[in-house]
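J.: Generate coordinates for the sequence data below:
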Amino acid sequence: MINSTIISYFTLAAYVDSGLLRYLFFMMLLSLYLLIVCANVLLIVVICMNRSLHEPMYVFLCSLFVNELYGSTGLFPLLLVQILSDVHTVSLPLCFLQIFCLYSYACVEFFNLAVMSYDRYLAICCPLQYNTRMTHRKIIALITVTWIYASVVCLIPLAMIVPLQLCGNIINKVYCDNYYIVKLSCSDTTVNNIYGLAATSFIILSPVSLIFFSYLRILKVCFSGSKQTRQKAVSTCTPHLLSLLNFSFGAFFEIMQSRFNMDKVPSLLRIILSLYWLTCQPLFNPLMYGLNMSRIRIICKNLFFA
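T.: Modelled structure (predicted):
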């Protein structure tokens, strides 16, 4: 019979003793976190304080920037503490809280990007009906459903791992991960694995299908439309597509690491790839949208250089 123990904390085993370099890593990550916070807060304030930006596209952008702040705060504070610590442990409740924050962040990100693609589809393919089809009530409903759905989907796997009997407490990552905790279990985890696979597939395939449909219709209109229509589509869709590709790239490597044996990959590279989707996306989005969308760029320029 396999022995199980009552686990009160987990050890994050991916951290290595870097000596004095830990202070350099700490300063680098702290600077990155502060930059992410400042960039996202700035754009949230700009959108909220300017009535000219109270349009569906910018409201969805505001939701996206709030999610970047949420996901970053779920990662960086604990990461910074662990870098300076000699004992890389995290309590059970804090570990579960981080899992919920990071998983719900990823879910909201995917569905928010899908909603934004639907908004662009209506704006480009149905311009005369846009205001009647994308009402304020519908905007609030889409954002609310996105956040509530993400919370429910991510609470279920947490509820499923609570009763599991664990035979270890070592997580070979720099942050808590639900799948790694499931692998520590002595209990039958068939239901956990099935739900995890089904939820991951649905979270990815549902928004990707909506995005694919939206851009298929947008491309059809672009090929048959005027030059002005094509320019409008390119200017509004390029940041969205780049954001989607950037996040998908990071999420793909994170799923690969969780589901397959990556021991042959250098540990430092594994750490960088596991952090990519949680660090680059929150910085990439405000910079990409801030620089590419002329109305936001002009307002920010007037704010700082007026």
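
J.: Which strand or helix spans the most centrally placed residue in the chain?
T.: In the chain, the residue lying closest to the centroid (Cα atoms, centre = their mean) is Ala106, at 3.6 Å. In this assignment (DSSP states H and E), Ala106 forms part of helix 92-125.

J.: would you list every one of the helices in the protein?
T.: Under the criterion DSSP state H, the chain contains helices at 21-49, 56-84, 92-125, 130-133, 136-161, 178-183, 190-224, 227-259, 267-292, 294-305.

J.: need these in CSV with mean pLDDT and distance to Ile7, can you?
T.: In short, each C-beta sits where N, CA and C put it, glycine included. Formatted as CSV, the helices of the chain follow (pLDDT from 0 to 100; distance: least, Cβ to Cβ, whole Å):
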stretch, mean pLDDT, distance to Ile7
helix 21-49, 92, 27
helix 56-84, 93, 18
helix 92-125, 92, 6
helix 130-133, 89, 51
helix 136-161, 92, 11
helix 178-183, 88, 9
helix 190-224, 85, 16
helix 227-259, 80, 20
helix 267-292, 84, 22
helix 294-305, 73, 47
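
J.: and of those helices, who's closest to Cys167?
T.: Among the helices of the chain, the nearest to Cys167 by Cβ to Cβ is helix 178-183 (10.0 Å).

J.: picking that back up, tell me which other helices or strands the helix holding Ala106 touches.
T.: Packing partners of helix 92-125 (3 or more Cβ pairs under 8 Å, 6 or more residues apart in numbering; DSSP states H and E): strand 9-12, helix 56-84, helix 130-133, helix 136-161, helix 178-183, helix 190-224, helix 227-259, helix 267-292.

J.: still on that earlier bit, excluding sequence neighbours, find me the nearest residue to the residue nearest to the centre of the chain.
T.: Leaving aside its sequence neighbours, Ala106 sits nearest to Ala251 (Cβ to Cβ, 6 or more residues apart in numbering; 6.5 Å).

J.: who touches the one you found in this structure?
T.: When the contact criterion is Cβ atoms under 8 Å, 6 or more residues apart in numbering, the partners of Ala251 are Ala106, Phe110, Ile204, Trp277.
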